[in-house]
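>>> Here's my sequence, what's the structure:
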Amino acid sequence: MSDLAASGRPVLAYVRPLPPGSMPLEVAIQRRAVAACAQGEGLAVPRWFVEASPDSRAAFAALVERIEVAEGATVLLATLAVLSETVVEQAWRLLALEFAGARVIFADGRTPAVALAEAWAKRPDPERRRERARDGMRRRALRAEVLGRPPYGYAVEGRSLEPLPREARVVERMFALYLDEGEGIRRIAAQLNRDGIKTRRGAPWSTSSVRTVLRNPVYTGLYRRLGIAVPKAHVALVPAARFQEAQRRLDARRTSSRIQERRPYLLAGLVRCGHCGNRMIGARRPGGAGEVVLYRCESAENQGRCRYRSRRADELEALVRGELIRATDPYPVAARTEVPPEDDLEARRDRAERRVARMLERWESGEWAWPELVRRVGASASSLLEAERADLSVPGPDAAEARGRLVAEWESLDFATRRDLLRAAVAEITVTEDAVRVTRRRA
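Got it, this is the predicted structure:
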């Protein structure tokens, strides 16, 4: 039976046996609950992804890969607890599903945001150890005493925010460009970068960093932290009415109130701009006969600081295939690199989970809405998934085998297999207007 719903999008179910001592929810009970949920929601019979043991994560990796190659999907789980025994891992796995473009439904009736909020609030020691320290921080927040790093445009003097003149002028300029001159976020970032203005960390401005400034109510004098909001706590850089007008315009420009679907691109993560060295990202644009798929330089797309714009996906993918066919031994081969011991998979996982925990605290405090949490945790969740996939015991093809299959079977390979073989065969693709350079991996 097909796992496709009436919309043409797949219906998927994830089941994992829980270890002894955790919530008693046997696989059979999970399956019955999910099947009943699918029937109650009027969904198709789901395709099942079942872990072989509590410690296995192979089925979850396969689930995410299925979502990434589909045009959206519905994922059914019995409860949030099925994803892991720790709340941080439950969080990043749930947010990885949403970031990949899935609609997640729990058979226990909770929405993803409610389920995660309840789990985070009830997390046991030692997960809650920092909460006791936060009580004192909340008392400080009620007095509008600054906690953490000050936002761009301000410095901390004593325990209060005070305008930092040079940065404050940049904030005022952003609002002027947006409200008075009608510039879009991308053009604002490009203007700042052309003028040599950097973020506080010394990085170029991007669409994301400009939008963060335009969305932050701190510039109206509001101090907000740990769920506590104190108006007129410091000098405002932007009048409240002007800030609200910016919010109305930002909301009006959004194409949808839901999180935009994450669409898969065959060469994502492999392509770099030959001019600036930044990665090239997949994008879709309206075309004469429908949708045109492109790879665009991220520096040009989000920061306006590279002259190279884009290359059509069908043209680039055909060129890459041609280079693989023509490749001979003298063709560029990536140098063999050793992973430093301190950067092993366990260390990467620990760092990523600490980032996720910090983001969850900011969401819990009311600083971010659910879509913003999904967007911000997406990168960390993807990093964790990559580390997990690399640690799975089933080895992938070597570079020579992968290249051979790509040359011989390109047209017959499904998207996921072709993508995996490309990652096994190719280290990097460098693109300019006139040339495409494919660097192969060592066999």
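>>> Tell me where this protein has strands.
With DSSP state E, the ranges of strands along the chain come out as 11-15, 47-50, 73-77, 102-106, 154-157, 160-163, 223-225, 228-230, 271-273, 280-287, 290-297, 310-312, 426-431, 436-440.
>>> Please dump those into TSV; it should also carry mean neighbour count and distance to residue 320 for every row.
(Glycine included, C-beta is placed from N, CA and C.) TSV is the format used below for those (neighbours: other CB atoms under 10 Å; distance: least, CB to CB, whole Å):
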stretch	mean neighbour count	distance to residue 320
strand 11-15	24	30
strand 47-50	16	31
strand 73-77	25	28
strand 102-106	21	29
strand 154-157	16	47
strand 160-163	18	50
strand 223-225	21	48
strand 228-230	16	51
strand 271-273	23	9
strand 280-287	15	12
strand 290-297	18	11
strand 310-312	18	11
strand 426-431	20	6
strand 436-440	19	6
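>>> will you turn those strands into TSV that also has distance to residue 41 and mean pLDDT?
Listed next are the strands of the chain as TSV, based on distance: least, CB to CB, whole Å; pLDDT from 0 to 100:
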stretch	distance to residue 41	mean pLDDT
strand 11-15	9	94
strand 47-50	15	94
strand 73-77	8	93
strand 102-106	7	93
strand 154-157	47	88
strand 160-163	47	88
strand 223-225	37	72
strand 228-230	37	69
strand 271-273	39	85
strand 280-287	29	76
strand 290-297	29	81
strand 310-312	39	82
strand 426-431	41	86
strand 436-440	45	84
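>>> check contacts around the closest residue to residue 108 other than its chain neighbours.
Excluding the flanking residues, the one nearest residue 108 by CB to CB, 6 or more residues apart in numbering is residue 79, at 4.9 Å. Applying CB atoms under 8 Å, 6 or more residues apart in numbering to residue 79 gives the contacts 23, 25, 106, 107, 108, 110, 115.
>>> Now do the same for residue 79: its pLDDT.
pLDDT for residue 79: 94.
>>> Residue 238 versus that one, what's the distance?
Using CB to CB, to the nearest Å, residue 79 is found at 44 Å from residue 238.
>>> just residue 92 next, same as before
In terms of CB to CB, residue 92 sits 35 Å off from residue 238.
>>> try residue 77
Distance from residue 77 to residue 238, by CB to CB: 43 Å.
>>> Identify the residue spatially nearest to the most centrally placed residue in the chain, adjacent ones excluded.
Central residue of the chain (CA atoms, centre = their mean): residue 378, 2.4 Å from the mean position. Nearest residue to residue 378, sequence neighbours excluded (CB to CB, 6+ apart): residue 99, at 3.6 Å.
>>> And for that neighbour, the neighbour number?
24 (other CB atoms under 10 Å).
>>> One more: residue 173?
With other CB under 10 Å as criterion, residue 173 counts 15.
>>> hmm, which helix or strand of this protein has the shakiest average pLDDT?
helix 129-142 (a mean of 53; mean pLDDT, DSSP states H and E).
>>> quick one, what contacts the residue nearest to residue 183 when sequence neighbours are not counted?
Nearest residue to residue 183 in three dimensions, chain neighbours excluded: residue 177, at 4.4 Å (CB to CB, 6+ apart). Counting by CB under 8 Å, 6+ apart, residue 177 touches 183, 187, 188, 191.
>>> Out of those residues, which sit inside helices?
The members of the contacts of residue 177 that map onto helices under DSSP state H are 187, 188, 191.
>>> related to what we said a few turns ago, settle it for me: which of residue 92 and residue 238 has more neighbours?
Counted by other CB under 10 Å, residue 92 and residue 238 do not tie: residue 92 has more neighbours, with 29 against 26.
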